[in-house]
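# only geometry, no sequence info:
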């Protein structure tokens, strides 16, 4: 709505709301966006049921209404959390049914076709027959899928092993999601009225094994933001399609394999990959193409706009989540959700087209040199040890779309952007 209001020519003069709390329940949001609409677009926000005169006293009245709306929102959140806490302490289940259960008449009921795999996971893990990654591969091979139809991974198996719902209990954390902190002191765990899938003995055995494994294989945090090669983010597995990640100092490995969703390890030294890709870049292009990787200093404006549009495109995932949440929470109607989604898709498509135009402009920069010379420049850039890694990273990602690695046949498939 804000973006539409700022369009030229101005599509409307006022925004009508039933009450001011329909526009925003945060005083900060209300002040910021009303000011933006008034100063930059000349658009007023008018409440149908809370008419305010256009004088100096209206400032006080409007501020009071906004404060009341924010108080109502905060108080409602407290009351909802209090009710959910009371329900959790009584053993009530408050989220979507986990794998192994379904919800009937507001009560968890066992789905035997799924429950047998839950027992299998606990039995094989507690007996130390299989670890979490091996279990994920094993379950996937049996054709079993998650509630959402996805492959199981090691984190999913870990969540199952640490979920007390299978013991006939309910867990709820008022401070947020459990994520991987299964011993969160804020979590409320209480006896529930649903039937357990596993026994207390099997649960205890699994927890002992899990604790021992955690102590034996302690998590070693590593800074994934540090680049060690310009290939990062370009290599993909031919078996599962997932990207390669650093598994140790010198090696890359399929991320699907590390999570138990792929059988092909694909582990390889990144220096070996670099050499293979460099040879491919050097030998592939033999006919002239119009390509220039690094723009001239005079084209900094285009480059800055290119980066800005890329940053804008990265925000669309959050925007789509927000409008969907607004629909699910009853703030927006289905028609409003569809309109918002169409608007965002159009806006994103326009930015993508603009990005393509800028790429074309950047590609046409510079004098007309033969393509073998231009590719030779890229090759020399990537092999020159005096050039910063960040420059090599940007150049390679500008040229290459993705690289698919097949360890079994020891082949690389390079897909270029242009």
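Now that the structure is in, tell me what you want to look at. For clarity, every value in this text was computed on a predicted model and none was experimentally measured.
# tell me the SS of residue 39?
Following DSSP: H, G, I helix; E, B strand; the rest coil, residue 39 is assigned to helix.
# no no, residue 3
Looking at residue 3 with three-state DSSP, the answer is helix.
# chain neighbours aside, what residue packs nearest to it?
Nearest-residue entry for residue 3: residue 347, 7.0 Å, with adjacent residues in sequence omitted and distances by C-beta to C-beta, 6 or more residues apart in numbering. C-betas here are computed from N, CA, C, even on glycine.
# now the one you found: how far from residue 333?
21 Å (C-beta to C-beta, to the nearest Å).
# out of those two, which sits in the more crowded spot?
Taking other C-beta atoms under 10 Å, residue 347 and residue 333 do not tie; residue 347 has more neighbours (16 against 11).
# tell me which element that one is part of?
Element membership for residue 347 (DSSP states H and E) is helix 334-363.
# in terms of secondary structure, what does that helix contact?
Secondary-structure packing of helix 334-363 (3 or more C-beta pairs under 8 Å, 6 or more residues apart in numbering; DSSP states H and E): helix 2-5, helix 300-314, helix 316-328.
# closest to residue 254 out of those?
helix 316-328 (24.0 Å; C-beta to C-beta).
# the closest one to helix 334-363, inter-axis angle?
170 degrees (axes from the mean of the first three to the mean of the last three C-alpha atoms, to 10 degrees).
# buried set for helix 316-328?
For helix 316-328, the neighbour count (16 or more other C-beta atoms under 10 Å) marks 323, 327 as buried.
# lowest-confidence stretch among the helices and strands packed on helix 334-363?
Lowest mean pLDDT of the helices and strands packed on helix 334-363: helix 300-314, a mean of 64.
# would you quantify the distance from residue 26 to residue 318?
Distance from residue 26 to residue 318, by C-beta to C-beta: 17 Å.
# let me redo that: residue 254
28 Å.
# what do you get for residue 395?
Distance from residue 395 to residue 318, by C-beta to C-beta: 29 Å.
# and the helices in this protein?
Along the chain, the segments classed as helices by DSSP state H run 2-5, 27-36, 57-89, 112-126, 132-141, 154-161, 200-216, 255-258, 270-284, 300-314, 316-328, 334-363, 371-383, 389-399.
# which stretch in those helices has the least confidence?
Per-stretch mean pLDDT for these is lowest at helix 371-383 (a mean of 59).
# still on that earlier bit, turn the helices and strands packed on helix 334-363 into TSV, columns for distance to residue 86.
Converted to TSV, these look like this (distance: least, C-beta to C-beta, whole Å):
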stretch	distance to residue 86
helix 2-5	39
helix 300-314	41
helix 316-328	24
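# of all the ones you listed, which lies closest to residue 228?
helix 300-314 (23.0 Å).
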